[in-house]
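Q: Predicted structure and sequence below. I'll ask about it afterward.
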Amino acid sequence: MLIVGLTGGIGSGKTTVSDRFAHCNVPIIDTDLLARELVEPGQPALAEITTAFGSDCLDEAGRLDRTRLRERVFADAEGRKRLEAILHPRIRILARQRIANLTSPYCLLVIPLLAETGMTDLIDRVLVVDAPEAEQLRRVMVRDRSGEEQARRILTAQASREQRLALANEVVENSGDFADLDRQVAALHQRYLALAHAR
Ligand code: ATP
């Protein structure tokens, strides 16, 4: 099976684009969702995180307080590494298992932080969703009702547009309207079907 890695910065439109592929019956595996599954109560990764970061990263119900943990490791490179060492090997295993169960010509593996974490070995091609930074900020602020400062802080900590685009085999230019996205996704879908059949 052809595995297309989909990435893009915060608010670039990854979900908007992957939803359109899903409408074409393309299976979508999202590493963010896998990470959430892996930290459900009772999962070994949650126990390891609690050992490493203390029980104050749990909420009253014993679930991982992702916001608190994110805040905690945001400015702490060592802590981030520790967290990645707990989660990334497990995400890889789970992603491979899920992909092994699929029967479609190709699938999308959504890896938001592909440029930062280098999970490139899991995928055959890279599809980057690209948008101007001002547009990313505007969309995130509207969607999350968050302030510009918070959105900009996350954006600045991520890989740059150029770093992501350097990895791209294909690019979705998400600077237009939804109809424009529909056209781009339809063309990419045909391209990936052809590439999958040529393998
Ligand atoms: P995150 O990195 O935060 O997970 P994302 O990359 O998945 O975000 P989306 O959630 O798909 O981005 O898009 C961010 C917001 O911008 C959403 O509210 C979405 O509806 C809106 N949006 C995306 N693309 C467009 C577009 N072309 N025109 C108008 N709004 C858009």
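A: Yes, it's here. Numbering: from 1, shown residues only.
Q: Domains in the protein, by residue range?
A: Partitioning the chain according to automatic domain parsing yields domains covering residues 1-27+105-199, 32-101.
Q: A22 and R145, how far apart?
A: Taking C-beta to C-beta, to the nearest Å as the criterion, A22 is separated from R145 by 26 Å. C-betas here are computed from N, CA, C, even on glycine.
Q: what's the answer for P44, then?
A: Look at P44 and R145: by C-beta to C-beta, they are 35 Å apart.
Q: Which one of A22 and R145 is surrounded by more residues?
A: The neighbour count for A22 versus R145, taken as other C-beta atoms under 10 Å, is higher for A22 (13 against 7).
Q: Just the CA atoms of the one helix or strand the more buried one maps to, as PDB, please.
A: Following DSSP states H and E, one finds A22 within helix 14-23. Extracted C-alpha coordinates of helix 14-23, given in PDB (Å, rounded to 0.1, in the frame of the first residue of the first chain):
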ATOM      1  CA  LYS A  14      -4.700  19.400   7.800                       C
ATOM      2  CA  THR A  15      -8.000  18.300   9.200                       C
ATOM      3  CA  THR A  16      -9.900  20.200   6.500                       C
ATOM      4  CA  VAL A  17      -7.800  18.500   3.800                       C
ATOM      5  CA  SER A  18      -7.900  15.000   5.400                       C
ATOM      6  CA  ASP A  19     -11.700  15.200   5.700                       C
ATOM      7  CA  ARG A  20     -11.900  15.700   1.900                       C
ATOM      8  CA  PHE A  21      -9.700  12.600   1.300                       C
ATOM      9  CA  ALA A  22     -11.900  10.700   3.700                       C
ATOM     10  CA  HIS A  23     -14.900  11.600   1.500                       C
END
